[in-house]
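>>> One predicted model, sequence on top.
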Amino acid sequence: MKKLLLLSLCILQGYTYAQIGVNTSDITSTLTVNGSFSANYKEISSSNYQIAEDDYNLAFNGEGSGEAVFMLPKTETDKKKFIGRTYHIKNVSKNATVKVIASSSETIRLGGVYDDTRSIVLLPGRSISVIANSNLNGATWDLNLLGLIEGSPEVKATEFIKKIVPMVPGSAFNKNNEADQINIYNLTLGIQKPFNTNIVDIDFKLKNNKSAIYWKKSHFYNGTGAQINGVFTKKNADTWDANSYILRFSVTSSSSIVDYNTYEILIMGFDTNEIYRVTLFFMPKNSVFNDYKNPRATFFVEVLN
């Protein structure tokens with residue numbers, strides 16, 4: 001009886017340290033799987049979701065243009081149970097953002113020159129992977145992956161929108177008319193075409209953000225004296241916010257021959273870490289530029305992150 005019990009214990013001890021193979025006899029690791037792998041998958045449509053212990057793959061498919069909040073579990077409650085736990089979160093919605101937040105006493109560790117953060121915002125089409133580390137408090141989650149879900153395996157340098165706006169005298173800007181707008185993610189540009197065709201006004205709207213705008217000019221011409229100017233000016237009636245400012249571009253020149261004028265604008269959203277670059281090719285027409293029969297403004301709006 002003692003020999004049988006000793007033999008059983010030896011067998012159990014052997015299994016404790018054994019390597020396991022699934023659908024294979026060629027076992028090279030603690031767990032070797034020759035086949036596919038699946039894990040829990042769940043789609044969420046509610047705007048607030050507490051991530052559960054048994055979650056693994058999560059996809060947010062809610063409608064609307066607001067912000068959903070996904071709360072990570074508090075790892076401090078049982079550190080041994082959480083070490084190595086991984087969550088994959090995808091924002092598959094059309095317009096909404098998803099904010100992934102650690103619990104009030106924990107943060108997400110990014111590494112490198114980046115500070116730890118309590119939350120990360122996912123724009124539509126973006127995904128995140130986080131893993132619980134061994135820290136007892138503070139930065140208890142590591143960011144493993146922050147990526148863009150592409151419809152094609154080809155690498156895309158940047159996403160952009162091109163729009164050509166005819167500068168027709170007397171045409172009015174309608175902030176509710178999509179034909180007068182450029183929309184990409186959280187950014188909306190309202191293009192205002194006043195009566196004077198050597199002027200174009202741009203109204204910027206970046207949802208749910210504290211933002212900053214930087215711009216520089218570069219002008220190319222045959223002759224002397226032509227340049228494009230950009231200034232912030234008060235505009236009441238035509239903007240989304242009646243007290244907001246618009247960026248006004250105008251052309252002044254003592255030369256009758258101008259090739260084109262360009263402007264580069266950076267728009268930064270601090271709350272969602274968004275950066276957009278707007279390149280404006282402005283071809284005006286006034287008493288100086290009579291050679292141009294079709295005055296127009298061409299916009300390229302790029303997503304840089």
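Nice, thanks for sending it over.
>>> Beta-bridge partners for Cys274, please?
Not quite, residue 274 is Glu, not Cys. Judged by DSSP bridges, the bridge partners of Glu274 are Gly269.
>>> since we're on it, how many residues are nearby?
Glu274: 23 surrounding residues under other CB atoms under 10 Å. Just so you know, the C-beta spots here come from the backbone N, C-alpha and C atoms, and that holds for glycine as well.
>>> any idea how far Ile184 is from it?
10 Å (CB to CB, to the nearest Å).
>>> which residues are in contact with both of those two?
Val303 (CB atoms under 8 Å, 6 or more residues apart in numbering).
>>> Can you name the residues in contact with stretch 57-72?
39-51, 87-103, 106, 121-122, 130, 141, 207-208.
>>> and the closest residue to Asn305 other than its chain neighbours, what does it touch?
Spatial nearest neighbour of Asn305, excluding adjacent residues (CB to CB, 6 or more residues apart in numbering): Ile275 at 4.9 Å. Applying CB under 8 Å, 6+ apart, we find Ile275 in contact with Leu266, Ile267, Met268, Gly269, Val303, Leu304, Asn305.
>>> and of these, the nearest to Ile20?
When the contacts of Ile275 are compared for distance to Ile20 (CB to CB), Asn305 comes out closest, at 42.0 Å.
>>> Verify the stated contact: the closest one with Gly269.
No: using CB atoms under 8 Å, Asn305 is not in contact with Gly269; the gap is 9.8 Å.
>>> So which of the contacts of stretch 57-72 are in strands?
Counting by DSSP state E, those place 41-44, 48-50, 87-91, 97-101, 106, 121-122, 130, 141 in strands.
>>> Now a ChimeraX select for only the buried ones of the residues you listed.
To isolate in ChimeraX the members of the ones in strands among the contacts of stretch 57-72 that are buried, counting by 16 or more other CB atoms under 10 Å, one can use:
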select :44,49,87,88,89,90,91,97,98,99,100,101,106,121,122,130,141
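>>> residues contacting Tyr56?
Contacts of Tyr56 by CB under 8 Å, 6+ apart are Ala39, Asn40, Tyr41, Thr86, Tyr87, His88.
>>> still on that earlier bit, mind checking which of the contacts of Ile275 are in strands?
If you go by DSSP E, those have Leu266, Ile267, Met268, Gly269, Val303 in strands.
>>> close enough to count as contact, the fourth one and Phe204?
The one in question is Gly269. No: the pair Gly269 / Phe204 is not scored as a contact, 10.5 Å apart, by CB under 8 Å.
>>> What about Val303, how many residues nearby?
17.
>>> One more: Asp55?
When neighbours are counted by other CB under 10 Å, Asp55 registers 20.
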